[in-house]
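S.K.: Take this sequence and fold it.
(one chain, ligands or ions: 1)
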Amino acid sequence: MAESKSAALPLGYAPRRRPFAGATILRRPVRINRAVARPAEFREPGRRDVRTAARPLGVRRPCDTPPAGGAPGRHAPAAKILLTPGHRQRDMVEIPSPMHPMTTLYITHPAALDHIPPLGHPERPDRIRVVDRVLEQEAFQSLARDQAPVCAIDRIALCHTQDYIDAIREAAPTEGMVQLDSDTSMSPGTYEAALRAVGGAVLAVDEVMTGRVANAFCAMRPPGHHAEITQPMGFCFFNNAAIAARHARDRHGAERVAVIDFDVHHGNGTQDILWADRNVMYCSTHEMPLYPGTGAASERGEHGTIVNAPLRAGDGGDEFQEAFESVIIPRLLGFRPDLVVLSAGFDAHMRDPLANINLLEPDYTWVTKRMMDVADTCCGGRLVSLLEGGYDLQGLARSVAVHVTALMRG
Ligand SMILES: [Zn+2]
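M.R.: As a prediction, the model looks like this:
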């Protein structure tokens, strides 16, 4: 099986790494044919996607203002507006919120489809389409749904420098595509998608920390865990999970937050950001050696709050579960987080083309439930899950289905 996986690597990950130089990108953008940048299939009229699907798009909220979360007395469910396709503003009807404290919230936004990679790139809009499609099924009708707002820049600045944020904004092309490294590129829709990916994470934290929902799953792209303080990498621009963790502390009074990353790649960016942060624990299982090359067990951070549990190529559910039970969970229980944030990558699935770990759906059910156990024990079940990788569409959809089912305590 390893042979077929190797053969299936379309472009893989580049060896790390070159310094990010926004100015260079601005002067010498690598343009590709627009027809390649935006293949016709992404714009086919009537094609079913999260924008055109014949179902309620979910709860509509003021998307372009930063959430006010954290204010006392906001625990009561707010009135929500359901928007069905074709309805204009005057057709909207306010209805009482279906949310209650046992609800799982699903967050996405059609802007996630407008971050267009080069043709054949594994981190592609169809990933969000298959996730959204599977969560339309009958079993998920009780999910609360919301759209990912554009994130306020001051939230991103919790983890990235202002110069870096400016450089990413300025690197975004108005047409075509710019290549930031051999894996990571921007199309005209990338910057908004990245802002909404962070915005979804921040909204998830707001809703969970204020008790309006029990937990939340945010399916946005681009992913975030490779993005370092001043460096885009590995399909990532802003570190959604690290920002979510810092936001919980900054706005909601959380003393300690834990980020648990079961993506098959090490979250070098999250580790970079949180290296000297004694209040946010970062725990990761990942294949090693593999891109990005970090994540040895000896990498522990300045305060011992980095917990790496590397796996080897060919490992499966037994080794994965053992890493959690023997290494990660004891550290989490000792740390007693006030919020659990999952960097939920599903590329350790057996079917995934980018790595060689052999997890199956029951392993994702297991890890979700164990992380919920930790959250139940430490912080009233408060858990926010953010999509990272997962590049086999069938493996991704099935894994997300069992992950969200577990979040719904199904
Ligand atoms: Zn990954």
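S.K.: which ones are touching the residue in the chain that the ion sits nearest to?
M.R.: Per CB to the ion, residue 389 is where the chain lies closest to the ion, at 2.9 Å. Where C-beta positions appear, they are placed from N, C-alpha and C, glycine not excepted. By CB atoms under 8 Å, 6 or more residues apart in numbering, residue 389 lies in contact with 123, 223, 235, 263, 264, 265, 345, 346, 347, 352, 354.
S.K.: Report how many residues lie close to residue 153.
M.R.: By other CB atoms under 10 Å, the residues close to residue 153 number 15.
S.K.: so it sits right up against residue 166, yeah?
M.R.: No - judged on CB atoms under 8 Å, residue 153 makes no contact with residue 166 at a distance of 9.4 Å.
S.K.: related to what we said a few turns ago, what's the pLDDT at the residue of the chain closest to the ion?
M.R.: Per-residue pLDDT puts residue 389 at 98.
S.K.: Kindly report the same for residue 175.
M.R.: The score at residue 175 is 97. That number is its pLDDT.
S.K.: So it sits against residue 188, correct?
M.R.: Yes - contact between residue 175 and residue 188 holds when scored by CB under 8 Å: they sit 6.2 Å apart.
S.K.: What helices and strands are in contact with the helix or strand harbouring residue 194?
M.R.: Using DSSP states H and E, residue 194 maps to helix 190-209. Judged by 3 or more CB pairs under 8 Å, 6 or more residues apart in numbering; DSSP states H and E, the packing partners of helix 190-209 are strand 104-108, helix 153-156, helix 162-171, strand 215-218, helix 240-252, strand 339-344, strand 383-387.
S.K.: ok, which of the contacts of residue 389 also contact the ion?
M.R.: Restricting the contacts of residue 389 to those near the ion by CB under 5 Å from the ion leaves 263, 265, 345, 347.
S.K.: Please report how far the third one lies from residue 154.
M.R.: According to CB to CB, to the nearest Å, residue 345 and residue 154 sit 27 Å apart.
S.K.: When the two are compared, which one has more neighbours?
M.R.: The neighbour count for residue 345 versus residue 154, taken as other CB under 10 Å, is higher for residue 345 (26 against 12).
S.K.: Now that the more buried one has come up, it's in contact with residue 223, right?
M.R.: Yes - with contact defined as CB under 8 Å, residue 345 reaches residue 223; the gap is 7.3 Å.
S.K.: so what sits against both of these two?
M.R.: Here residue 345 and residue 223 have 263, 387, 388, 389 as joint contacts, going by CB under 8 Å, 6+ apart.
S.K.: In these, which residue is surrounded by the most others?
M.R.: Neighbour counts for those, by other CB under 10 Å, peak at residue 387, which reaches 31 neighbours.
S.K.: Dig out what it forms beta bridges with.
M.R.: residue 344 (DSSP bridges).
S.K.: Hmm, residue 344 and it touching each other?
M.R.: Yes - with contact defined as CB under 8 Å, residue 387 counts as touching residue 344 (5.7 Å).
S.K.: Give the intersection of the neighbour lists for these two.
M.R.: With CB under 8 Å, 6+ apart as the test, residue 387 and residue 344 both reach residue 217.
S.K.: Report the spatially closest residue to residue 233, excluding sequence-adjacent ones.
M.R.: residue 226 (4.2 Å; CB to CB, 6 or more residues apart in numbering).
S.K.: Can you pull the phi/psi pair for that neighbour?
M.R.: The phi/psi pair for residue 226 (degrees, to the nearest 10) reads phi -90, psi -10.
S.K.: From residue 388, how far off is it?
M.R.: In terms of CB to CB, residue 226 sits 9 Å off from residue 388.
S.K.: Now the common contact residues for these two.
M.R.: Common contacts of residue 226 and residue 388 (CB under 8 Å, 6+ apart): residue 267.
S.K.: Show me the helices in this protein, by range?
M.R.: Taking DSSP state H, the helices of the chain run over residues 2-8, 22-27, 34-37, 126-134, 153-156, 162-171, 190-209, 240-252, 268-274, 317-323, 329-335, 361-379, 393-407.
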